[in-house]
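just need the structure, nothing else, for what follows:
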Amino acid sequence: IRDAHRRPAFSKSIPTLPSLSSTTSSKTTSTSTANGNGTANGAGTGTSEQSYPLKPRKMTDVTVETIRDAHRRPAFSKSIPTLPSLSSTTSSKTTSTSTANGNGTANGAGTGTSEQSYPLKPRKMTDVTVETIRDAHRRIKNNLNTTPIHHSTVYSKLCGCKMYLMLENIQKTGSFKIRGSSNMVLKALEQSPVRPKGLIAASAGNHAQGVALVSMKVGLPCTIVCPDYAPESKLQWTRNYGAEVIKKGNSLEEAAKAAEAIREQRDWLMVRPFNDVDVIEGQGTIGCEIYEKIPDIDTAVINVGGGGMIAGIALYLKGVNPNIRIIGVQSANVSPLADIKTTHQLRYIEPQALTIADGTNVKLPGGVHTKVLADLVDEYVTVSENEIASTIVHLMSNSRTISEGAGCLGLAALIHKKITVRKDEKVCVVICGGNIDMSTLRQVYEYGLRSLGRQFTIHMTIFDHPGSLAKIVALAARAELTVREIRHIRGKGNINWNEVTVSVSFYSNSFQHQLFFLNLLVEENFFPKVVGRKYIKDDDSIYVGFDKAVVEKRAKLLQQHSQHQEEFNNWAKQQQLSSTIM
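Numbers count the residues shown, from 1 in each chain. Next up, the predicted model:
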């Protein structure tokens, strides 16, 4: 029984049971056998060799209820006890760099002579094919939610193509990362004769949750090392799955180095976020589902951080149809792959660079899949921070679903016309994550409303006398604007003693709605400044009518002043000629 307890839950070292036909046809003269049911378990006196004491069954034993029982058996059973310490098995030393993930990087061992307890079959990116990705999908499907892929009428009209949204933001753990981590860990448990002691990963949040959930399901301890900027909401969910969370470093690369040091110390299995063949293969199952739902797809627009997801999707979709266009999208702040198609080199990104798309804040993408990123991805585009923010709000407003910054880069690129598409082109965008911190969402919401023309703030200096502010509010009422905030500031700034600075924020329906109100102010000789307009895409073209109205009004006032001056001069001369010297 102790020997049975030590056998790993998932191990290919357990041989496949031989056909039981030999046991049913064997001639056994003894009925006192290992299982006590009259069949020989390798110890009877008959001629059959059978070492697995299973209860004989017939097809008539298979009923609706037994099939339901089989269906209820979980892929990860909590009844599997945790194995005892494997310290005695960790003394074997490997000098090869071919390790658990099979791509030349160690999954729990590193290179050189470090101790490696999990000898898995070495793999290369050329081993990843359409069939292996389909196998991966069958392997991990019990760990996944069914991700909806639906046609969007709103975004089809807005982007000028036949738009489909794949909502991976409602996947388990809130992102696609559960796919890669599940595939790697399950393959490790299947292939390695020694059960890992634990799992460790470096992540900014989404990969952390995926690894933590898988570790909880298979009954392994887990440690996650994350950079200091990782959102607290993602880390809290990671802790909820039972993982230890350690903050270390100002970048994902620094966190990865810290995780590697802990791995060497504990001899645990490293689950990399993207630089791993098994992980990339698991992410490629997204492509499998896209092609299943949209077999005549023309273009897939994929968000890019480390490149694992787009590499897996590209391998699958290009494998089934080389004519499918694959486009990668990055934040303009962190876009190391922006020039790779032309220069064949990564762009240098400053270590302190940050982006609202924190999940794609990877300064050094690629690895085993760099050639895939260079050869199979047709184009890379970038989007600005405010374009990302406005897309988060736009998606929330029109599709009633929440995306994090890294989750909606592809949609942002299409909304803001960074990608050329045809009207009849079928385009699928992967909304790959929804784990956005609520405080960040609040800030993003404000900036997103501004970028969409749904909110704006004006500053202006007016004379400080009764009725001036009321006049502005009356004009806002005439324009049917909703006042959000009013600040009436006296005695501050470069203003005269009889002046006051007014700052008013409004909610509006569109930029045209704003322009109507701004032109009303100009007609009444108010000259407001729109706060933060330089951060709005194409602000010069949006506010061109307002800018023109201001110039014309100032010129008109100047002309009126000149006319009044001339009239005054003429009147003064007449007074001088008609006056009597006393």
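
list the helices and strands the biggest helix by length in the chain packs on?
Taking DSSP state H as the criterion, the chain has its longest helix at helix 544-578. Packed against helix 544-578 by the contact rule (3 or more Cβ pairs under 8 Å, 6 or more residues apart in numbering; DSSP states H and E) you find helix 511-523. Using the backbone N, CA and C atoms, a C-beta is placed for each residue, glycine as well.

contacts only, for the closest residue to Ala479 other than its chain neighbours.
Of all residues not flanking Ala479 in the chain, Phe517 sits nearest, at 3.8 Å (Cβ to Cβ, 6 or more residues apart in numbering). Contacts for Phe517 (Cβ atoms under 8 Å, 6 or more residues apart in numbering) come out as 475-476, 479, 481, 506, 508.

for these, which one is nearest His564?
Taking Cβ to Cβ as the measure, His564 sits nearest to Leu475 out of those, at 25.7 Å.

gap between Thr223 and Ser152?
Going from Thr223 to Ser152 by Cβ to Cβ, to the nearest Å gives 40 Å.

now the strands for the stretch 151-300 of the chain?
With DSSP state E, counting those that start in this stretch as the criterion, the stretch 151-300 of the chain has strands at 162-167, 199-202, 222-226, 244-247, 269-270, 299-303.

go through those and name the closest to Lys556.
strand 162-167 (46.8 Å).

so which elements touch the closest one?
strand 149-151, helix 153-159, helix 285-293, strand 426-431.

how about these in CSV, adding mean pLDDT?
As requested, the helices and strands packed on strand 162-167 are arranged in CSV below (pLDDT from 0 to 100):
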stretch, mean pLDDT
strand 149-151, 95
helix 153-159, 94
helix 285-293, 96
strand 426-431, 97
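
out of the ones you listed, deepest packed?
Comparing these by mean neighbour count (mean count of other Cβ atoms under 10 Å), strand 426-431 ranks first with a mean of 26.

partners of it in the sheet?
Sheet pairing for strand 426-431, assigned by DSSP bridges, gives strand 162-167 (parallel), strand 299-303 (parallel).

got a markdown table for those strands, with mean neighbour count and mean pLDDT too?
Shown next, in a markdown table, are these (neighbours: other Cβ atoms under 10 Å; pLDDT from 0 to 100):
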| stretch | mean neighbour count | mean pLDDT |
| --- | --- | --- |
| strand 162-167 | 23 | 96 |
| strand 299-303 | 28 | 97 |
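
Gln512: which of those strands is closest?
Ranking those by proximity to Gln512 (Cβ to Cβ) places strand 162-167 first, at 24.7 Å.

quick check: angle from that closest one to helix 285-293?
Counting by axes from the mean of the first three to the mean of the last three Cα atoms, to 10 degrees, strand 162-167 points 130 degrees away from the direction of helix 285-293.

from the chain's centre, how far out does strand 162-167 sit?
Computed by Cα atoms, centre = their mean, to the nearest Å, the chain-centroid distance of strand 162-167 equals 16 Å.

what sits up against that strand?
By Cβ under 8 Å, 6+ apart, strand 162-167 touches 147-152, 155-156, 286, 289-290, 293-294, 297, 399, 401, 411, 414, 423-431.

which helix or strand in the protein has the lowest average pLDDT?
helix 21-25 (a mean of 42; mean pLDDT, DSSP states H and E).

Gly319 contacts Thr132, doesn't it?
No: using Cβ atoms under 8 Å, Gly319 makes no contact with Thr132, being 10.1 Å away.

any weak-confidence spans in the stretch 1-150 of the chain?
8-54, 74-121 (pLDDT under 70).

now tabulate the strands of the stretch 151-300 of the chain in a markdown table and tack on distance to Arg139.
What follows is the strands of the stretch 151-300 of the chain, written out as a markdown table (distance: least, Cβ to Cβ, whole Å):
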| stretch | distance to Arg139 |
| --- | --- |
| strand 162-167 | 20 |
| strand 199-202 | 17 |
| strand 222-226 | 20 |
| strand 244-247 | 27 |
| strand 269-270 | 17 |
| strand 299-303 | 22 |
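
can you show me the helices along the stretch 101-250 of the chain?
130-140, 153-159, 177-191, 206-218, 232-240 (DSSP state H, counting those that start in this stretch).

indicate which one of those helices is closest to Gly198.
helix 206-218 (7.5 Å).

quick check: buried residues in the closest one?
206-218 (16 or more other Cβ atoms under 10 Å).

again, but for stretch 320-329
Buried-residue list, stretch 320-329, by 16+ other Cβ under 10 Å: 324-329.

dump the C-alpha coordinates for it into CSV.
This file holds the C-alpha atoms of stretch 320-329, laid out as CSV (Å, rounded to 0.1, in the frame of the first residue of the first chain):
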residue,chain,number,x,y,z
VAL,A,320,-4.0,25.1,-41.6
ASN,A,321,-4.1,28.1,-44.0
PRO,A,322,-0.9,30.0,-44.9
ASN,A,323,-3.0,32.8,-46.4
ILE,A,324,-4.4,33.9,-43.0
ARG,A,325,-2.9,37.2,-42.0
ILE,A,326,-1.4,37.5,-38.5
ILE,A,327,-1.0,41.0,-37.1
GLY,A,328,0.7,41.7,-33.7
VAL,A,329,-0.1,44.8,-31.7
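
identify all contacting residues around that stretch.
Counting by Cβ under 8 Å, 6+ apart, 130, 291, 297-304, 307, 310, 313-314, 317-318, 337, 373, 376-383, 409-410, 412-413, 418-419 sit against stretch 320-329.

repeat the analysis, applying 7 Å as the threshold.
Residues outside stretch 320-329 that contact it (Cβ atoms under 7 Å, 6 or more residues apart in numbering) are 130, 291, 297-304, 310, 314, 317-318, 337, 376-381, 383, 409-410, 413, 419.

which among those end up buried?
130, 291, 297-304, 310, 314, 317-318, 337, 376-377, 380-381, 383, 409-410, 413, 419.

in helices only, show me those residues.
Counting by DSSP H, the buried ones among the contacts of stretch 320-329 contribute 130, 291, 310, 314, 317-318, 409-410, 413 to helices.

I'd assumed Arg195 was in contact with Leu269.
No: using Cβ atoms under 7 Å, Leu269 is not in contact with Arg195, being 9.7 Å away.

in terms of neighbours, single out the busier of the two.
Between Leu269 and Arg195, counted using other Cβ atoms under 10 Å, the more crowded position is Leu269 (33 against 24).

if I look at that one, how far off is Val194?
Distance check for Leu269 against Val194: by Cβ to Cβ, it reads 10 Å.

and what of Asp464?
According to Cβ to Cβ, Asp464 stands 80 Å off from Val194.

Ile246: how many residues sit nearby?
The burial count for Ile246: 15, using other Cβ under 10 Å.

now it, nearest residue through space, not along the chain?
Ile246's closest residue in space is Val225 (Cβ to Cβ, 6+ apart), at 4.9 Å.

run a quick neighbour tally on the one you found.
So Val225, with other Cβ under 10 Å, has 27 neighbours.

over to the one 3 residues further on?
Asp228 has 11 neighbours, counted by other Cβ under 10 Å.

report the contact partners of Ala413.
Ala413 makes contact with 301, 329, 381, 383, 419, according to Cβ under 7 Å, 6+ apart.

assign a three-state SS to the closest residue to Ser331 other than its chain neighbours, would you?
Computed as Cβ to Cβ, 6+ apart, the closest residue to Ser331 that is not its neighbour in sequence is Thr355, at 4.1 Å. When classified by DSSP: H, G, I helix; E, B strand; the rest coil, Thr355 comes out as coil.
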